[in-house]
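Participant: Have a look at this prediction, sequence included:
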Amino acid sequence: MKRSRIVIIIVLLIAIIIVISQSAFIVRETEQVVITQFGKPVGDAILKPGLKFKTPFIQKTNYFEKRFLEWDGDPNQVPTKDKKFIFVDTYARWQITDPLQFFKRLTNERGAQSRLDDILDGETRDYVANHNIEEAVRTSNRKPISSGIISDLIGDSLASITVGREKIQNMIVESASKQTKDLGIAILDFRFKRINYVEEVREQVYERMKSERYRIADKFRSEGQGEASRINGEKERELLTIQSEAFREAEEIKGKADGAAAAIYAASYDRSSSSRDLYSFIKSMETFEKTFDKQTYIILSTDSELYKYLQKMK
């Protein structure tokens, strides 16, 4: 008897533990729970954390995230209003705001992701197709910083925008939120992660950019050659000017020197006759000394100045 009683008690304890484990559950701060009975929701959603209870075996707990969730869109090829095909890669943040409605309409997060794919991809395609590519790329009409060279040649190539990237993103959020309002979820944020041309258009853009840069390079080259010719012309002109000025100054100096020499010669001839005679005699003696030696014989006329001088010396 005692043994059977112990077995019954153990069985009862195990049954009680199983019942309690099936009836009690914990809701964490990051979770919200919808209780279902035979697949249908029962009561309101449980939003507050803590220890909760349900009917064991019959009712089931369905946990949903209370935190922000991520949606990452697939890159899509979209035509813009100006007929340019671009790849658009997007992402968004969303949250389950009404878990009961969410369960009724979407069941789980996988269903929500699939529904968001349809909504956000469709809205992205519509809004990008209704605007030019500049509107999707830029947010404001910022003024380009002038380098003083390139921008002066090609001008302001930034087209004016009226909507901009940020407003398009906000419009997509607003339009998508209207469609997700009855799904129990809210679109918190939407952003363009990457926008790029398709391969064919990208090659055309690169070729156009290269041709534009080649044109600018040719313009620089021609302007440089013109400037070089101008500098060389000025150099030759300045060189000729300097040479002519130097020649003029040299001739003036020579003229002044010749004038000074003539004045000196004239002054020397204007001295007294004795000085001139002495000078002439000395020069004559220097000439005879260099001309004659001991073996040389000369014949002097009686009218010769040297003969007269020698006669006086006697």
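Facilitator: Thanks, I have the structure now. Residues are numbered from 1 along each chain as shown.
Participant: Name the surrounding residues that touch the helix or strand where residue 10 lies.
Facilitator: Using DSSP states H and E, residue 10 maps to helix 2-23. By C-beta atoms under 8 Å, 6 or more residues apart in numbering, the residues outside helix 2-23 that reach it are 53, 54, 55, 56, 57. Glycine gets a C-beta too; all of them are placed from N, C-alpha and C.
Participant: Which secondary structure state does the third one sit in?
Facilitator: Of the three states, residue 55 takes coil according to DSSP: H, G, I helix; E, B strand; the rest coil.
Participant: right, and the helix or strand after the helix or strand of the chain with the lowest mean pLDDT?
Facilitator: Scoring the helices and strands of the chain by mean pLDDT, DSSP states H and E places helix 150-154 at the bottom, with a mean of 49. Moving toward the C-terminus from helix 150-154, the next helix or strand (DSSP H and E) is helix 165-180.
Participant: Please work out the average pLDDT along that next one.
Facilitator: Mean per-residue pLDDT for helix 165-180: 92.
Participant: Run the chain-centre distance for whichever helix or strand comes after the helix holding residue 10.
Facilitator: Where DSSP H and E defines the elements, the next helix or strand beyond helix 2-23 is strand 24-27. Chain-centre distance of strand 24-27: 56 Å, with C-alpha atoms, centre = their mean, to the nearest Å.
Participant: what lines up beside strand 24-27 in the sheet?
Facilitator: strand 50-53 (antiparallel) (DSSP bridges).
Participant: which SSE is residue 36 in?
Facilitator: Judged by DSSP H and E, residue 36 forms part of strand 31-37.
Participant: Which positions within that strand qualify as buried?
Facilitator: With burial defined by 16 or more other C-beta atoms under 10 Å, the residues of strand 31-37 counted as buried are 31, 32, 33, 34, 35, 36.
Participant: count of residues packed around the closest residue to residue 175 other than its chain neighbours?
Facilitator: Nearest residue to residue 175, sequence neighbours excluded (C-beta to C-beta, 6 or more residues apart in numbering): residue 123, at 5.2 Å. A count of neighbours around residue 123, defined by other C-beta atoms under 10 Å, yields 22.
Participant: Could you measure from residue 123 over to residue 130?
Facilitator: 11 Å (C-beta to C-beta, to the nearest Å).
Participant: Check residue 40 too.
Facilitator: Noted for residue 40: a distance of 42 Å to residue 130, by C-beta to C-beta.
Participant: which residues in this protein form helices?
Facilitator: Secondary structure of the chain (DSSP state H): helices located at 2-23, 99-105, 109-129, 133-137, 150-154, 165-180, 199-269, 273-291, 305-313.
Participant: Out of those, flag the one nearest residue 48.
Facilitator: Nearest to residue 48, of all those, is helix 99-105, at 12.4 Å by C-beta to C-beta.
Participant: Contacts for that closest one, please.
Facilitator: So helix 99-105 is contacted by 32-34, 36, 41, 44-45, 47, 62, 64, 96, 112, 182-185 (C-beta under 8 Å, 6+ apart).
Participant: Which positions within that helix qualify as buried?
Facilitator: Those would be 99, 100, 101, 102, 103, 105, for helix 99-105 by 16+ other C-beta under 10 Å.
Participant: Same question for stretch 128-142.
Facilitator: Those would be 128, 131, 132, 133, 134, 135, 136, 138, for stretch 128-142 by 16+ other C-beta under 10 Å.
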